[in-house]
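# can't give you the sequence, but here's the structure:
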């Protein structure tokens, strides 16, 4: 009987923090164990790193029909190496995968843990002396398709934003040109411990970093409006339902939802589209910030992952 070899990787130094995801996008796990058979390519990422690309493990065998996520992405792991030793590491990894030695089928390739759950100092574990650390892990959860697409992502808001209109998190996808935005929504999944906290969603033709003033156009929030309608009488109709920003402070209602409402479809024409969640009130003193669910629906080509851009 053939025994599948499983390869283990971890980027987290403290085992207490090996709890799922290192970022806000939900596709950057702190550790992962993959079957060797899922690997589709191994190559240098430079002269000090090796990139292991593997087939999507979460949705590759699922039908795309009815999925609420639809994006194009690549699963990969980067391990850092001694300069000039990428070939040796790739050779050793290939030999391990194809060797007759299976042990129990579990092989630690790169484990950065230096503090275990008991707070004891331990040595990191690497399968080869020229592996220096586990650099990055990306594992996406999405089918692909054409036509109408839906995408949902949960964003842990950046507590460092200290002014209105600053970005607190962005979706890990962008939309290619010629897409039409159809609808979107925001939901407060976890409340901030700051009394005053609220957010809105912008779309823009470029990515904007966290803690920087949000660019582009507000699509969901109190500032979203159907520009060009009602301007003759001096009033521009606001479109979000309800007509407000999404409150997510300690006194807000958990699972409260804000929808794009009556906003007409947005033809992005020749522009790519990025989505940024922005604060609409200073909540920089929060020590536990909100988690927001972001949903977008569009017509056009599949989204493209920008998580490793």
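Here it is on my side, so go on. Only a predicted model underlies this, so the values are computations on that prediction, with no experimental measurement involved. Residues are numbered from 1 along each chain as shown.
# can you give the distance of stretch 163-171 from its chain's centre?
For stretch 163-171, the separation from the chain centroid amounts to 15 Å (computed by CA atoms, centre = their mean, to the nearest Å).
# can you point out the buried residues in it?
In terms of neighbour count (16 or more other CB atoms under 10 Å), stretch 163-171 has its buried residues at 165, 166, 167, 168, 169, 170, 171. Quick note: C-beta positions are derived from backbone N, CA and C, even for glycine.
# out of those, the closest to residue 250 would be?
residue 168 (16.1 Å; CB to CB).
# for the closest residue to that closest one other than its chain neighbours, grab the count of nearby residues.
Leaving aside its sequence neighbours, residue 168 sits nearest to residue 157 (CB to CB, 6 or more residues apart in numbering; 4.1 Å). By other CB atoms under 10 Å, 26 other residues sit near residue 157.
# for the one 3 residues further on, same thing?
The criterion is other CB under 10 Å. On that basis, residue 160 has 12 neighbouring residues.
# repeat that for residue 250.
Neighbours of residue 250 (other CB under 10 Å): 15.
# pretty sure it is touching residue 188, no?
No. In this structure residue 250 lies outside contact range of residue 188 using CB atoms under 8 Å: 11.3 Å.
# what sits against the residue nearest to residue 168?
The contact partners of residue 157, by CB atoms under 8 Å, 6 or more residues apart in numbering, come to 24, 168-169, 192, 197, 199, 248, 277, 279, 289-292.
# can you do 6 Å?
Counting by CB atoms under 6 Å, 6 or more residues apart in numbering, residue 157 touches 168, 169, 289, 290.
# what's the lowest-pLDDT member of the buried residues of stretch 163-171?
Lowest pLDDT among these: residue 165, with 89.
# from residue 46, how far out is that one?
For residue 165, the distance to residue 46 equals 37 Å [CB to CB, to the nearest Å].
# all helices for the stretch 1-150 of the chain, in order.
86-98 (DSSP state H, counting those that start in this stretch).
# what's the closest of the contacts of residue 157 to residue 302?
For the contacts of residue 157, the nearest to residue 302 is residue 169 (21.9 Å; CB to CB).
# the closest residue to residue 212 other than its chain neighbours pairs with what?
Among residues not flanking residue 212 along the chain, residue 167 sits closest, at 5.7 Å (CB to CB, 6+ apart). With DSSP bridges as the criterion, residue 167 is bridged to residue 278.
# for residue 224, see how far away residue 167 is.
To residue 224, residue 167 is 17 Å away according to CB to CB.
# what do you get for residue 171?
Per CB to CB, residue 171 is found 17 Å from residue 224.
# for residue 261, same thing?
8 Å.
# where do the contact lists of those two overlap?
Shared contacts of residue 261 and residue 224, counting by CB under 6 Å, 6+ apart, come down to 239, 240.
# who's more crowded, those two?
residue 224 (25 against 17).
# isn't the more buried one right up against residue 218?
Yes. The pair formed by residue 224 and residue 218 meets the contact definition of CB atoms under 6 Å, at 5.0 Å.
# hmm, which helix or strand of the protein has the shakiest average pLDDT?
Ranking every helix and strand in the chain by mean pLDDT, DSSP states H and E puts strand 71-72 at the bottom, with a mean of 40.
# pick the one among the buried residues of stretch 163-171 closest to residue 302.
residue 171 (13.9 Å).
# rounded mean pLDDT for stretch 175-185, please.
Mean predicted confidence for stretch 175-185 is 95.
# can you list the buried residues in that stretch?
175, 179, 181, 182, 183, 184, 185.
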